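**Student:** whatever this is, show me its structure:
(one chain, ligands or ions: 1)
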Amino acid sequence: MNNHWRWMLGLTVAVLLLGMPAGAPADSGDSTRIDNEKQQACTIAGGYPYREKSDYVLKELDLKPGDVVVDIGAGDGWWSEKMGQAVGPEGVVHAGEVAQDKVDGMKKRFGESLPQCKAYVCPTDGTGLEENTCDLAFLSKTYHHLNHDGHVDYLRHLRSVVKPTGRVVVIERHIALSEGRQREHGWSPGLLTQTAEEAGWILVRSELITGTHHFIAIFAQKEMFASKAPEKKE
Ligand SMILES: C[S@@+](CC[C@H](N)C(=O)[O-])C[C@H]1O[C@@H](n2cnc3c(N)ncnc32)[C@H](O)[C@@H]1O
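**Tutor:** Have a look, this model is predicted:
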């Protein structure tokens, strides 16, 4: 075997090993077959296990340079920072928070290096942004904090703020996989989908984030599904 083929073989083995860790299937597009009983277990510790799957989440978001995002309940700005890098200096990430101290913290975090990330105090019942301005509304662990009788109205508000081709992405802990106090900080993907449909959003994809008990749900505006399949010519 010459050096070229030895190098190619080594590369192939490395890709296979890195791409398929034993017992932990990658997300989205891969098989959902359960080959071992620990496969669906939560293996990532800490309060924000889904942050460790940020590569997967960012791939799902598929942000492009110049995109405009609103990160609702941006907290410490961890996701806003990542999304700010993805949209680049020509894009914007509106990092909305109801807590002034969190906004102050984010302003420090973004500093001068991420001017596209704009931390601001938002109202509790909306983003405070103008109509038709965002490509993506992102709510990571915030949806369950919204006023409990106000979810439909909030999602309707997002329909006006998000461009017709834009999306809403929600990450929450799966309530059926939560116990005790965790349940107060979880949500049902089924209920979320039902509420979003009432507000005019259609679920495009929802899945558990492997290694966590959190799910990601991605919605698009109902009008995007309006066209019929073309008539088949005989
Ligand atoms: C659990 S933290 C999530 C932080 C961040 N999104 C993340 O996933 O790392 C929830 C955040 O939502 C904020 N929040 C609560 N109600 C809100 C509302 N109505 N609008 C915007 N943010 C809200 C809280 O202040 C808190 O920082």
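**Student:** where along this structure do the helices fall?
**Tutor:** With DSSP state H as the criterion, the chain has helices at 3-19, 54-61, 78-87, 100-110, 151-161, 189-199.
**Student:** pretty sure His144 contacts His185?
**Tutor:** Yes: judged on Cβ atoms under 8 Å, His144 makes contact with His185 at a distance of 6.0 Å. C-beta: built from backbone N, CA, C; applies to glycine.
**Student:** compare the two (neighbour count), which wins?
**Tutor:** Taking other Cβ atoms under 10 Å, His144 and His185 do not tie; His144 has more neighbours (19 against 14).
**Student:** ok, now which ones touch the more buried one?
**Tutor:** Contact analysis of His144 by Cβ atoms under 8 Å, 6 or more residues apart in numbering lists Glu172, Glu184, His185, Gly186, Trp187.
**Student:** for the last one, the count of nearby residues, please.
**Tutor:** Using other Cβ under 10 Å, Trp187 has 23 other residues around it.
**Student:** tell me how far it lies from the ligand.
**Tutor:** Distance, Trp187 to the ligand, using Cβ to the nearest ligand atom, to the nearest Å: 12 Å.
**Student:** so what pLDDT did that residue get?
**Tutor:** On pLDDT, Trp187 comes in at 97.
**Student:** quickly list what it is bridged to.
**Tutor:** When assigned by DSSP bridges, Trp187 has beta-bridge partners His174.
**Student:** which residues touch it?
**Tutor:** In this structure, Trp187 makes contact with Tyr143, His144, Val170, Glu172, Arg173, His174, Ile175, judged by Cβ under 8 Å, 6+ apart.
**Student:** make it 6 Å
**Tutor:** For Trp187, the contact set (Cβ atoms under 6 Å, 6 or more residues apart in numbering) comprises Tyr143, His144, Glu172, Ile175.
**Student:** for the fourth one, same thing?
**Tutor:** Gly186 sits next to Arg173, Ile175, Ser178 when contact means Cβ under 6 Å, 6+ apart.
**Student:** also Phe219?
**Tutor:** Contacts of Phe219 (Cβ under 6 Å, 6+ apart): Val168, Ala196, Trp201, Leu203.
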